[in-house]
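*Asks:* Coordinates for the following, if possible.
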Amino acid sequence: MFSRLRFGRFRRPLRLARSSVVPSSVVYFLGGVGAATAYYTLNRPSGPLFVGSTTKLEHLSPIEYGSSGDFDVAVDEITQIVGVDHVSISQSDIEHHSDSYYQTHHPKPGQVPRVVVYPASTEEVSEVMKVAYKYKVPIVPFTGGTSLEGQFIASRAGITLDLNRLDKIVKLNELDLDVTVQPAVGWQDLNEYLAPYGLLFGPDPGPGACIGGMVGTSCSGTNAARYGTMKENVLGLTVVLADGTIVKTKKRPRKSSAGYNLTGLFVGSEGTLGIVTEATLKLYVKPEEETVAVVNFDDIQQATNAVSDIVSKGIQVNAVELLDTNMMKCINFVKSTSKQWVEKPTLLIKIGGSKTIVGELVKSIRDITKNNGSSQFQFAQTEEEKAELWSARRMSLWSTIDWGKKTISEDVKVYITDVAVPISRLSTVIDETKQDLDSNGFKYTIIGHVGDGNFHALVLYKDEQADEAKKLVGRMVDRALENDGTCTGEHGVGVGKRQYLVQEVGEPTVDTMRRIKLALDPLRLLNADKIFQIDPTDKDH
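*Replies:* Numbers count the residues shown, from 1 in each chain. From the prediction side, this is the model:
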């Protein structure tokens, strides 16, 4: 494709008047200009792909990968790089790297990796990518496999690059409050390592998530109200590009105005621009004291109003989570915790700081929530009570699945999705989503990181309800966008939400993203078909 786009036409030759007498110096000058112009014109890119600042889908040719023979040669060369023990075609490995129970978007027949490769270093990843580039082999990066929107589906059956051998904590800079890690380090393992130092890493998504995938989706978790998302917590990255080039986006300063913010470009790119092999992350000092408050309300509007008041008064909480009535009933039904919960919309609030500050914050939050109609307020006074009160949030997903298995079917599925809206619109969007789900006869639970307007719907369905569940999620996204929100607060786009990205940001913005993708990955090898369409023949992956 690119060979066809590379050559343009010569411009018409310069014509001089017949009577003109041209000095030899001018002839030499014009000759030099003419040669340079001819060289540029011959070699400049042409065609609509290279005209303007953006690239529309219809201006692309279909993706052309290497032949089956090329693939076999590539695998042989890659095996020489990583060793025969680190290249797998076993059925169990293929299945593990193709799908998961929790994904909202599942692969179609044939959308599985042909080979799984396990490199052990940045240098090995680089060498593997050089081979993949040479033979035009599509690559999907993989770490924890906990993504929800089909991010690791091998939509172009090629090689899945499993980075789980890159699992080291490279260096802790205790005084500077940062740490450099490899992509397969789990956030839970990292916090366990940091605990003796009195430090923590802020983002806390689902169990099993690894730093590589967290960078890819720019996820957050329950602590986002205090510590922000991955975008605010990544200082610098080491990235291997599609052709094997190794790029370090930044050193370790907390601020820099040196050039483009490449770190921010790669965070949230879902492995479509490069493969992250190291990340330098911000750390925080653990609060001297931390407690958990549980506050019940008669309706969601009261709960979100209380959160708005807490935020507007500048009160810094470590986390503030909303669990709807269904979630509280669900937890009681399956007895997933040791406590019997009030079955009303409930806020779980983490409050941290010095002992004096925590005491004052608890009083302030109690007053604010009471003024917003809370019916009950309790807070933990021991570590055991704190763990018990937070257990409702920690067990929410497993409780929902268990509830579905016991009340619907052992084969029940769960559609886990998220949106985010301004806090002032949150109760409206949640209430309308609940009404939609109720009127269509679905069982579900709602949980939300309401400190930043992000909430999740966990929709239970049977196989024959899959299409209707997807439509319900579509309406939930429409609702969020109509209320100045986003189609995904932290799960990423993947394949499952591609159709909503254009609706959210507009075609020119997506066309700009596509142009950036092609600049860094002109052969479209890296995690193709994720975030937006990259092949005009791709209708629905």
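
*Asks:* My guess is Leu348 contacts Val294. True?
*Replies:* Yes: under the criterion of Cβ atoms under 8 Å, Leu348 is in contact with Val294, at a separation of 5.9 Å. The way it works is simple: take the backbone N, C-alpha and C, and place the C-beta from them, glycine included.

*Asks:* any shared contact partners between these two?
*Replies:* Residues touching both Leu348 and Val294 by Cβ atoms under 8 Å, 6 or more residues apart in numbering: Leu389, Ala392.

*Asks:* Can you classify Ser98 as helix, strand or coil?
*Replies:* Going by DSSP: H, G, I helix; E, B strand; the rest coil, the secondary structure assigned to Ser98 is coil.

*Asks:* For it, which non-adjacent residue is spatially closest?
*Replies:* Excluding its sequence neighbours, the residue lying closest to Ser98 (Cβ to Cβ, 6 or more residues apart in numbering) is Val112, at 4.5 Å.

*Asks:* Kindly report the same for Val421.
*Replies:* Gly485 (3.3 Å).

*Asks:* Report how many residues lie close to that neighbour.
*Replies:* Look at Gly485: counted by other Cβ atoms under 10 Å, it has 21 neighbours.

*Asks:* right, and it touches Pro422 too?
*Replies:* Yes: Gly485 lies in contact with Pro422 (Cβ under 8 Å); the separation is 7.1 Å.

*Asks:* so what sits against both of the two?
*Replies:* The contact lists of Gly485 and Pro422 share Gly453, where a contact means Cβ under 8 Å, 6+ apart.

*Asks:* what's the distance between Lys313 and Phe377?
*Replies:* Relative to Phe377, Lys313 is positioned 17 Å away (Cβ to Cβ, to the nearest Å).

*Asks:* ok, the two, which is more surrounded?
*Replies:* Higher neighbour count among Lys313 and Phe377: Phe377, with 17 against 10, using other Cβ under 10 Å.

*Asks:* per-residue confidence averaged over the helix or strand encompassing that one?
*Replies:* Applying DSSP states H and E as the criterion places Phe377 in strand 376-379. When pLDDT is averaged over strand 376-379, the result is 95.

*Asks:* next structured bit after it?
*Replies:* helix 383-394.

*Asks:* could you say what helices and strands that next one packs with?
*Replies:* The contact analysis (3 or more Cβ pairs under 8 Å, 6 or more residues apart in numbering; DSSP states H and E) places helix 383-394 against strand 289-296, strand 319-323, helix 325-334, strand 346-353.

*Asks:* Does anything pack onto whichever helix or strand comes after that helix? Which helices or strands?
*Replies:* Downstream of helix 383-394, the first helix or strand assigned by DSSP H and E is helix 396-407. Taking 3+ Cβ pairs under 8 Å, 6+ apart as contact, the helices and strands that helix 396-407 lies on are helix 325-334, strand 413-420, strand 443-449, strand 454-461.

*Asks:* can you do 10 Å?
*Replies:* strand 319-323, helix 325-334, strand 413-420, strand 443-449, strand 454-461 (3 or more Cβ pairs under 10 Å, 6 or more residues apart in numbering; DSSP states H and E).

*Asks:* domain parsing for this protein?
*Replies:* Residue ranges for the domains of the chain, per the TED database: 59-286+493-540, 289-492.

*Asks:* so can I have CSV of the ones you listed showing distance to Gly52?
*Replies:* Listed next are those as CSV, based on distance: least, Cβ to Cβ, whole Å:
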stretch, distance to Gly52
domain 59-286+493-540, 9
domain 289-492, 26
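
*Asks:* Looking at those domains, which is nearest to Val51?
*Replies:* Nearest of the domains of the chain to Val51, taken as Cβ to Cβ: domain 59-286+493-540 at 8.4 Å.

*Asks:* roughly how far apart are Gln111 and Ser155?
*Replies:* 5 Å.

*Asks:* Compare neighbour counts for the two and give me the winner.
*Replies:* Ser155 (21 against 18).

*Asks:* before we move on, back to that, adjacent strands (with direction) for the strand holding Phe377?
*Replies:* Paired neighbours of strand 376-379 in the sheet (DSSP bridges): strand 289-296 (antiparallel).

*Asks:* which residue is nearest the middle of the protein?
*Replies:* The residue lying closest to the centre of the chain (Cα atoms, centre = their mean) is Thr217, at 1.0 Å.

*Asks:* which ones are touching it?
*Replies:* 146-149, 151, 205, 209, 229-230, 267-271, 488, 490-494 (Cβ atoms under 10 Å, 6 or more residues apart in numbering).

*Asks:* Tell me where the model's unsure across the stretch 1-150 of the chain.
*Replies:* The stretch 1-150 of the chain contains residues with pLDDT under 70 at 1-50.

*Asks:* rerun at 50
*Replies:* 1-46 (pLDDT under 50).

*Asks:* just the strands in it please.
*Replies:* 87-88, 115-117, 139-142 (DSSP state E, counting those that start in this stretch).

*Asks:* any chance of these in JSON lines, with distance to Tyr415 and mean neighbour count too?
*Replies:* What follows is the strands of the stretch 1-150 of the chain, written out as JSON lines (distance: least, Cβ to Cβ, whole Å; neighbours: other Cβ atoms under 10 Å):
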{"stretch": "strand 87-88", "distance to Tyr415": "31", "mean neighbour count": "19"}
{"stretch": "strand 115-117", "distance to Tyr415": "27", "mean neighbour count": "23"}
{"stretch": "strand 139-142", "distance to Tyr415": "23", "mean neighbour count": "27"}
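
*Asks:* For Glu464, which of these is the nearest?
*Replies:* Using Cβ to Cβ, the nearest of those to Glu464 is strand 139-142, at 30.4 Å.

*Asks:* Please name every helix or strand in contact with that closest one.
*Replies:* Counting by 3+ Cβ pairs under 10 Å, 6+ apart, strand 139-142 packs on strand 115-117, helix 122-135, strand 159-162, helix 211-217, strand 275-282.

*Asks:* neighbours of the residue nearest to Ser98, just the number please.
*Replies:* 18.

*Asks:* Glu288 and Ile357 touch, don't they?
*Replies:* Yes: Glu288 is within contact range of Ile357, at 8.6 Å (criterion: Cβ atoms under 10 Å).

*Asks:* what are the bridge partners for Ile446, then?
*Replies:* Per DSSP bridges, residues listed as beta-bridge partners of Ile446: Ala457.

*Asks:* show me what contacts it?
*Replies:* Counting by Cβ under 10 Å, 6+ apart, Ile446 makes contact with 300, 322-327, 345, 396, 400, 430-431, 433-434, 437, 455-459.

*Asks:* And for Glu290?
*Replies:* Shown in contact with Glu290 (Cβ under 10 Å, 6+ apart): Asn318, Ala319, Lys350, Ile351, Gly352, Gly353, Val358, Ala380, Glu383, Lys386, Trp390.

*Asks:* Can you select the buried ones from those in ChimeraX?
*Replies:* For the buried members of the contacts of Glu290, the matching ChimeraX selection, counting by 16 or more other Cβ atoms under 10 Å, is:
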select :318,319,350,351,352,353,358,380,386,390
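
*Asks:* Just give me the closest of the contacts of Glu290 to Val125.
*Replies:* Once Cβ to Cβ is applied, the member of those that ends up nearest Val125 is Ala319, at 34.9 Å.

*Asks:* In contact with that closest one, which residues?
*Replies:* Per Cβ under 10 Å, 6+ apart, neighbours of Ala319: 204, 221-227, 290, 292, 348-352, 390, 393, 449-451.

*Asks:* and stretch 284-301, C-alpha only, in PDB?
*Replies:* The C-alpha trace of stretch 284-301 is given here as PDB (Å, rounded to 0.1, in the frame of the first residue of the first chain):
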ATOM      1  CA  TYR A 284       2.200   8.700  48.200                       C
ATOM      2  CA  VAL A 285       2.800   8.600  51.900                       C
ATOM      3  CA  LYS A 286       0.200   6.400  53.600                       C
ATOM      4  CA  PRO A 287      -2.100   8.300  55.800                       C
ATOM      5  CA  GLU A 288      -1.300   8.200  59.500                       C
ATOM      6  CA  GLU A 289      -4.900   7.300  60.200                       C
ATOM      7  CA  GLU A 290      -7.700   6.100  58.000                       C
ATOM      8  CA  THR A 291     -11.300   5.200  58.800                       C
ATOM      9  CA  VAL A 292     -14.300   4.100  56.800                       C
ATOM     10  CA  ALA A 293     -17.700   5.800  57.100                       C
ATOM     11  CA  VAL A 294     -21.000   4.100  56.000                       C
ATOM     12  CA  VAL A 295     -23.900   6.400  55.300                       C
ATOM     13  CA  ASN A 296     -27.400   5.300  54.200                       C
ATOM     14  CA  PHE A 297     -29.900   7.500  52.300                       C
ATOM     15  CA  ASP A 298     -33.500   7.100  51.100                       C
ATOM     16  CA  ASP A 299     -32.500   7.800  47.500                       C
ATOM     17  CA  ILE A 300     -29.600   8.300  45.100                       C
ATOM     18  CA  GLN A 301     -30.200  12.000  44.700                       C
END
